[in-house]
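> Whatever this is, show me its structure:
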Amino acid sequence: MGLLDILNSVQNSGVSSDPRAQAAPGGQGMSPMAKAMLALLAIYAMKHMRRAEPSPTQPAGPVEGDVSAGLPRGQGGMPGGGGGLGDLLGGALGGLLGGAAAGTVLNGGLGGLLKQLQQSGQGDVARSWVGAGPNKTIPQADLASALGTDTLDTLSQQTGMRRDELLSGLSQHLPRLVDQLTPDGRLPTEAEAARMV
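Below you'll find the predicted structure:
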């Protein structure tokens, strides 16, 4: 199952009546919530890539400041085309997701997100999403604290969703997305992640 199939399955299986969380009508791209989940993985993929390949003038370590640096900008955020991930995100990151490095990006983004949740005290919740058994819920306030203001502002700008809508949708759909992306109870390898894209 591909990443876009997983995103669509996650948002379509939810009980949300919010039209922003539901799939867009045929041919109109994905819902703002699916874009938010994809953008969240992209943000953590970019952080992962920056940590893995520090520039000569910048030491390795945590990325500080604007998490949207390097993320594609478009009219109203991400383009909503019905193409692949490269079309969806555009720019350099879209090229990566549409190319050979897609497995690295997906793997790094998912790993970075789970690490962030663990570092913010939500490790038990995140492990339940990856492991077998029921997925634990994450309260919106805890998710907001774990992701941080910069990340939420970027997601809101990219999707056009208000912060409360974003947190409501992410707290509802993110557990299932992570669960679907980790069917063997572990992060996918880069090769496995590349097959999902």
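> what packs against the helix or strand harbouring residue 125?
Using DSSP states H and E, residue 125 sits in helix 123-130. When contacts are defined as 3 or more C-beta pairs under 8 Å, 6 or more residues apart in numbering; DSSP states H and E, helix 123-130 sits against helix 102-117, helix 163-181. The C-beta positions use only the backbone N, C-alpha and C, and glycine is treated the same way.
> Touching it from outside, list them.
By C-beta atoms under 8 Å, 6 or more residues apart in numbering, the residues outside helix 123-130 that reach it are 114, 117-118, 134-138, 142, 174-175, 178-179, 182, 185-187.
> Return the members of those classed as buried.
114, 117, 135, 138, 142, 174, 175, 178, 179, 182, 187 (16 or more other C-beta atoms under 10 Å).
> per-residue pLDDT, the first one?
The score at residue 114 is 95. That number is its pLDDT.
> please renumber so the chain begins at 30
Okay, residue one is now 30; in that scheme the one you just asked about reads as residue 143.
> OK, contacts around residue 173?
By C-beta under 8 Å, 6+ apart, the contact list for residue 173 reads 181, 192, 196.
> rewinding a little: what's the average pLDDT for the helix holding residue 154?
95.
> Next, the angle helix 131-146 makes with it.
In terms of direction (axes from the mean of the first three to the mean of the last three C-alpha atoms, to 10 degrees), helix 152-159 departs from helix 131-146 by 150 degrees.
> which residues in this protein form helices?
Secondary structure of the chain (DSSP state H): helices located at 32-42, 61-81, 114-118, 120-127, 131-146, 152-159, 169-176, 178-188, 192-210, 219-225.
> In this model residue 169 seems to touch residue 196, though I could be wrong.
Yes. Counting by C-beta atoms under 8 Å, residue 169 is a contact partner of residue 196 at 4.2 Å.
> quick one on the thing from earlier: can you flag the buried ones in the contacts of residue 173?
Buried by 16+ other C-beta under 10 Å: 181, 196, out of the contacts of residue 173.
> ok, the residue lying closest to residue 210 once chain neighbours are set aside - contacts?
Of all residues not flanking residue 210 in the chain, residue 139 sits nearest, at 5.7 Å (C-beta to C-beta, 6 or more residues apart in numbering). By C-beta under 8 Å, 6+ apart, the contact list for residue 139 reads 70, 73, 207, 210, 211, 216, 217, 222.
> rerun that using 7 Å as the cut-off
Residues in contact with residue 139 (C-beta atoms under 7 Å, 6 or more residues apart in numbering) are 70, 210, 216.
> Need the pLDDT of it.
We have a pLDDT of 92 for residue 139.
> Roughly how far does it sit from residue 70?
To residue 70, residue 139 is 6 Å away according to C-beta to C-beta, to the nearest Å.
> what's the answer for residue 41, then?
If you measure residue 41 against residue 70 using C-beta to C-beta, the figure is 19 Å.
> More neighbours: which of those two?
residue 70 (24 against 13; other C-beta atoms under 10 Å).
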